[in-house]
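# Here is a sequence with its predicted model. Questions after.
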Amino acid sequence: MSAVLRLALLEARRDRGILAAWILCIAGLGYAAATAVTTQFAGDNERAALISVAAASPAFLFLRGLPDVISSGAVTFFQGYSFTAVLAGLMSVFLVVRHTRGDEDQGRFELVGSTRVTRVTSLYATLLFGTFTNVVLALVAAAGFIRAGLPVPGSFLAGSAVGAVGLFFMAAAALVAQVMPSARSANGTAAALVGGAYLVRGAGDALGTADSSLLHVTAAWPSLFSPIGWGQRIRPFTEVDTLPLLVIGAGTVVLAGAAVALRNGRDLGAGYIAADESGPERAGSGLASMLGLAWRLQRGSLASWCLTTAALGAVAGGLGPVVRDALAGNPSVAELLSRIVPGDAGLIDLFTAAMLGIAGILAAAAGIEAVLRLRAEEAEGRAELLLAAPVSRMRWLGGTLAVAAISTTAVAAAAGASAAVVLALAQAGGSSPGMVFAAALAHIPAALVFPAVTVLVFALAPRWSSAVGWGALAAALVLGQFGELLGLPGWLQDLSPFRHSSAMPVEAFHPEGALVLAAVALIAAGAASHLIRGRDLTV
């Protein structure tokens, strides 16, 4: 036990800065949402109008979660829980993989294993540290809700819901880390599980049933397959139900136990899914260029991103008939929504635009991940070997940038194509398949800004490239989803590139915005290509 505690303290020392930032950002988002609700929607009538619109719109339900009456606490939980739960899951995933497969890949576990500890000691330490981190997150989030004026018991339960989801994905990531062959694949798989849980929860909520007052929605069965869906069933500020906490806790224990069992039967550095090390004796002609090498290294990751967004597009298309039937069965809802949907756009188009907006964010994430491969190659010493050959730094950078642009475009296109095909097959109405596909492509210029900014930071301060890249995307997401709710000034919201994307098919395409965004991306990429020549390689 002493060794476990000492290793956990060592991990805490290594991560104290980054985890403090994670916890403060997640709790700060909850506090900001609570403050916005208690100030901007102080009256019952205002909150009732907000909840009625949300309950009648599958797009709102998919993005935010389940409305549950009109108290300030319930509205806050509805507005912010899903996003804070996703962030808690990602924080836990990255923490666990960093201290399990990441340390194995870097050779640190060999040093620890040479001492008098068992092979599962480090895993126990990581699980202990992850548990402590999520408990702190739950308490800080609860303190934020209380500081914003929400009821104390409900605040602690709401914080517990967020922390419980983080614990679940901590255990899930520990299991994935034993199965996958590397830290990179483990990170991608575990993060995909978090995204999948959000999508499953969203589908279940969008298919949910609203009561006659439009102030409460009961989720459909798909949300039962998502820990995020279970967390929102706690209903911390209304009719409290602690059974979902027990379900999430039981799932956490089962997954953690499975991870420990698999670690006992696994050799150091190995995975239950072996890495594909087979290949021809000589490289093909495609690997003679930096573009070919970058493509070979990233094609598996790109395929995963495309499959994810294609599934998102299929969900958007498949829910089209649900939206149509909801309007047909409730004329009062249709009349209410007609007041908030801009112009002559239909609700199906509004829902499609919202889903494709998420696909644009995923496209940006795919581009950022592709660029950050440069940092991994540099930090692990492979770039030094590569650049010892007659290869310029600009060619090295340019090949990866080209793959990042291809990834961003392909991911957005996959979502648009999938949504267009499924909507056409479902005959749900709305815009034509061509317009739906174009709506997905309209987000590409904004998405390209993020990998361009990431590579610029990589050329200037490589150690900050990951934090700035993912931080910029998270900030853009918060500004887009919560900017209006938080009452942020327009100039601050305009800092998000997606603010300048055309929300087709709800609105017309604005070529000037797309051109400005593309120019920003090109300028940042060009500056990075120039600056990379003037700095030394770093670890």
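Alright, I've got the coordinates.
# Every contact and neighbour count from this point should use C-alpha atoms.
Noted.
# hang on, isn't Val200 packed against Ser226?
Yes. Between Val200 and Ser226 there is a contact at 6.2 Å, judged by C-alpha atoms under 8 Å.
# How is this structure partitioned into domains?
Here the domain assignment for the chain is 1-273, 287-539, based on automatic domain parsing.
# quick one: low-confidence parts of the chain?
1, 113-114, 269, 274-286, 320-347, 428-430, 485-486, 539 (pLDDT under 70).
# in it, which helix has the most residues?
The single longest helix within the chain, with elements called by DSSP state H, is helix 2-40.
# quick check: angle from the helix or strand just after that one to helix 2-40?
Going down the chain from helix 2-40, the next helix or strand is helix 44-56, by DSSP states H and E. Helix 44-56 runs at 120 degrees relative to helix 2-40, counting by axes from the mean of the first three to the mean of the last three C-alpha atoms, to 10 degrees.
# Could you check helix 44-56 and say which residues are buried?
Arg47, Ala48, Ala49, Leu50, Ile51, Ser52, Val53, Ala54, Ala55, Ala56 (16 or more other C-alpha atoms under 10 Å).
# With respect to Val152, which of the residues you listed is nearest?
Arg47 (20.6 Å; C-alpha to C-alpha).
# where's the closest one relative to Ala54, distance?
11 Å (C-alpha to C-alpha, to the nearest Å).
# what does Trp464 give?
Taking C-alpha to C-alpha, one finds Trp464 at 39 Å from Ala54.
# Quick one: the helices in the stretch 101-250 of the chain, in order.
Secondary structure of the stretch 101-250 of the chain (DSSP state H, counting those that start in this stretch): helices located at 101-105, 108-113, 121-147, 152-179, 183-206, 227-232, 243-264.
# Format those helices as JSON lines; extra columns: mean neighbour count.
Formatted as JSON lines, the helices of the stretch 101-250 of the chain follow (neighbours: other C-alpha atoms under 10 Å):
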{"stretch": "helix 101-105", "mean neighbour count": "21"}
{"stretch": "helix 108-113", "mean neighbour count": "14"}
{"stretch": "helix 121-147", "mean neighbour count": "22"}
{"stretch": "helix 152-179", "mean neighbour count": "27"}
{"stretch": "helix 183-206", "mean neighbour count": "23"}
{"stretch": "helix 227-232", "mean neighbour count": "27"}
{"stretch": "helix 243-264", "mean neighbour count": "18"}
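# Who are the contact partners of Tyr198?
Tyr198 is in contact with Ser82, Val86, Ser226, Ile228, counting by C-alpha atoms under 8 Å, 6 or more residues apart in numbering.
# rerun that using 7 Å as the cut-off
Neighbouring residues of Tyr198 by C-alpha atoms under 7 Å, 6 or more residues apart in numbering: Ile228.
# before we move on, what about Thr352?
Ala316.
# how near is it to Ser418?
Separation of Thr352 from Ser418 (C-alpha to C-alpha) stands at 12 Å.
# same check, this time on Gly204
20 Å.
# who touches stretch 232-248?
Contacts of stretch 232-248 with the rest of the structure, by C-alpha under 7 Å, 6+ apart, involve Gly73, Ala74, Gly154, Leu157, Ala158, Ala164, Phe168, Pro227, Trp230, Gly231.
# for stretch 459-475, that is, sorry about that
Contacts for stretch 459-475 (C-alpha under 7 Å, 6+ apart): Ile368, Leu372, Arg375, Phe450, Thr454, Val457, Phe458, Ala528, Leu531, Ile532.
# Out of the residues you listed, which two sit at the greatest distance?
Those two in the contacts of stretch 459-475 that are separated most widely, counting by C-alpha to C-alpha, are Ile368 and Leu531, at 18.7 Å.
# And these two? Which one has more around it.
Ile368 (30 against 17; other C-alpha atoms under 10 Å).
# hang on, isn't that one packed against Ala452?
No. Look at Ile368 against Ala452 with C-alpha atoms under 7 Å: they stay out of range, at 8.3 Å.
# could you say which helix or strand contains Thr400?
Element membership for Thr400, per DSSP H and E: helix 393-426.
# need the next SSE after that helix, C-terminal direction.
Taking DSSP H and E, what comes next after helix 393-426 is helix 433-441.
# Quick check: buried residues in that next one?
Pro433, Val436, Phe437, Ala438, Ala439, Ala440, Leu441.
# Report all helices and strands that the longest helix of the chain contacts.
Packing partners of helix 2-40 (3 or more C-alpha pairs under 7 Å, 6 or more residues apart in numbering; DSSP states H and E): helix 72-99, helix 121-147.
# Adding distance to Val315, write the ones you listed out as JSON lines.
Formatted as JSON lines, the helices and strands packed on helix 2-40 follow (distance: least, C-alpha to C-alpha, whole Å):
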{"stretch": "helix 72-99", "distance to Val315": "18"}
{"stretch": "helix 121-147", "distance to Val315": "31"}
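# Indicate which one of those is closest to Gly399.
Using C-alpha to C-alpha, the helices and strands packed on helix 2-40 put helix 72-99 closest to Gly399, at 27.2 Å.
# Tell me the gap between the closest one and the middle of its chain.
Centroid separation between helix 72-99 and its chain, computed with C-alpha atoms, centre = their mean, to the nearest Å, is 10 Å.
# Kindly report the same for stretch 469-480.
10 Å.
# do the same with stretch 188-195
8 Å.
# Then stretch 35-43?
With C-alpha atoms, centre = their mean, you get 27 Å for stretch 35-43.
# If you count neighbours, what's buried in that stretch?
Thr35, Ala36, Val37, Thr38, Phe41.
# JSON lines for these, including distance to Val315?
As requested, those are exported to JSON lines (distance: C-alpha to C-alpha, whole Å):
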{"residue": "Thr35", "distance to Val315": "33"}
{"residue": "Ala36", "distance to Val315": "31"}
{"residue": "Val37", "distance to Val315": "30"}
{"residue": "Thr38", "distance to Val315": "33"}
{"residue": "Phe41", "distance to Val315": "32"}
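# Check the contact between Ala55 and Pro67; I expect there is one.
Yes. If you go by C-alpha under 7 Å, Ala55 and Pro67 touch, sitting 6.3 Å apart.
# intersection of neighbour lists for the two?
By C-alpha under 7 Å, 6+ apart, Ala55 and Pro67 have these common neighbours: Leu215, His216, Val217.
# between the residues you listed, which has the most around it?
Going by other C-alpha under 10 Å, Val217 tops these with 25 neighbours.
# Show me the beta-bridge partners of that one.
Taking DSSP bridges, one obtains Ala210 as the residues bridged to Val217.
# Pull the contacting residues for it.
Ala55, Leu66, Pro67, Asp68, Gly208, Thr209, Ala210, Asp211.
# what about Glu484, how many neighbours?
For Glu484, the neighbour count with other C-alpha under 10 Å is 13.
# for it, helix, strand, or coil?
Per DSSP: H, G, I helix; E, B strand; the rest coil, the secondary structure class of Glu484 is coil.
# which residue sits closest to the most centrally placed residue in the chain, ignoring its sequence neighbours?
Centroid-nearest residue in the chain: Gly195, 5.8 Å away (criterion: C-alpha atoms, centre = their mean). Spatial nearest neighbour of Gly195, chain neighbours left out: Val86 (7.5 Å); criterion: C-alpha to C-alpha, 6 or more residues apart in numbering.
# Surely that neighbour is in contact with Val194?
Yes. If you go by C-alpha under 7 Å, Val86 and Val194 touch, sitting 6.5 Å apart.
# on that earlier part again, from the buried residues of helix 44-56, which single one is nearest Gly300?
Ala54 (37.9 Å).
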